[in-house]
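> A predicted structure for the sequence below; I have some questions about it.
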Amino acid sequence: MDKRRLLKIAGFIWILVGLFLIYRGSGLYNLAVIEQNTGKETLITSIILGIVIGIIKGKFVLSKTALRNRNRINQLNPPLSIHNVFSGPFYGLIAGMMLLGFLLREFNAYLGGYVVVASIYCGIGMALIAASSVYWKNDPLPPTEKIS
C-alpha cells in the first residue's frame, strides 16, 4: 500500500464518519420533536448553528489534526498497511469520542435535550467532512526511500 492510498482512505473515513454523525444527529432531531416537543424555530436554529459552527471548526480546528495526520503518513517508511492510516493514540481518541457521544445521548436532558445533542453531532459531522479536504490536496509527496 502506498502513501496516497492511505491518504485517500483517511479522507474517506473522515467523510463516512461525518455522514454517519449527521445521520445520527438527524435521528436525534426527530426524537427532539417527538419526545421533547421541540419547536420549529428551535429546531431550525439548532440545525443552522450545527452546520455553521461545524464548518468553522472543521476549517480551523480539525483541519490541523488532519494535516498532522497527513504529514505523519507522508513521513512513514514502507512497507505500509491499513492500520497506519491513523496513529496509535488517535485510535484511543476515537474510542473516547465514541464514549462521549454515548454519554451525550444518555444525559441529553441535562444538556438542553436532544436538540442540543443533535446539533453537536451534526456540527462534528460537518467539521469532519470539511476537514477531510486536507487529505484530498494534490501537494506533492516527498519521494519514498527504497529499503535495500
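Arrived safely.
> State which helix of the chain is the longest.
Taking DSSP state H as the criterion, the chain has its longest helix at helix 3-36.
> And it, how far out from the chain middle?
7 Å (C-alpha atoms, centre = their mean, to the nearest Å).
> go on, stretch 60-78?
Stretch 60-78 sits 14 Å away from the centroid of its parent chain (C-alpha atoms, centre = their mean).
> What of stretch 2-15?
Distance, centroid of stretch 2-15 to centroid of chain: 13 Å (C-alpha atoms, centre = their mean).
> same thing with stretch 88-97?
Its chain's C-alpha centre and that of stretch 88-97 lie 12 Å apart, by C-alpha atoms, centre = their mean.
> Show me what counts as buried in that stretch.
Residues of stretch 88-97 classed as buried by neighbour count (16 or more other C-beta atoms under 10 Å): none. For the C-beta atoms, the positions are set from N, CA and C on the backbone; glycine is no exception.
> so residue 82 touches residue 5, yeah?
No. Residue 82 lies out of contact with residue 5 (C-beta atoms under 8 Å); the separation is 9.2 Å.
> between the two, which one's more packed in?
Neighbour comparison, residue 82 and residue 5: the larger count goes to residue 5, with 13 against 9 (by other C-beta atoms under 10 Å).
> I am finished for the moment; much appreciated.
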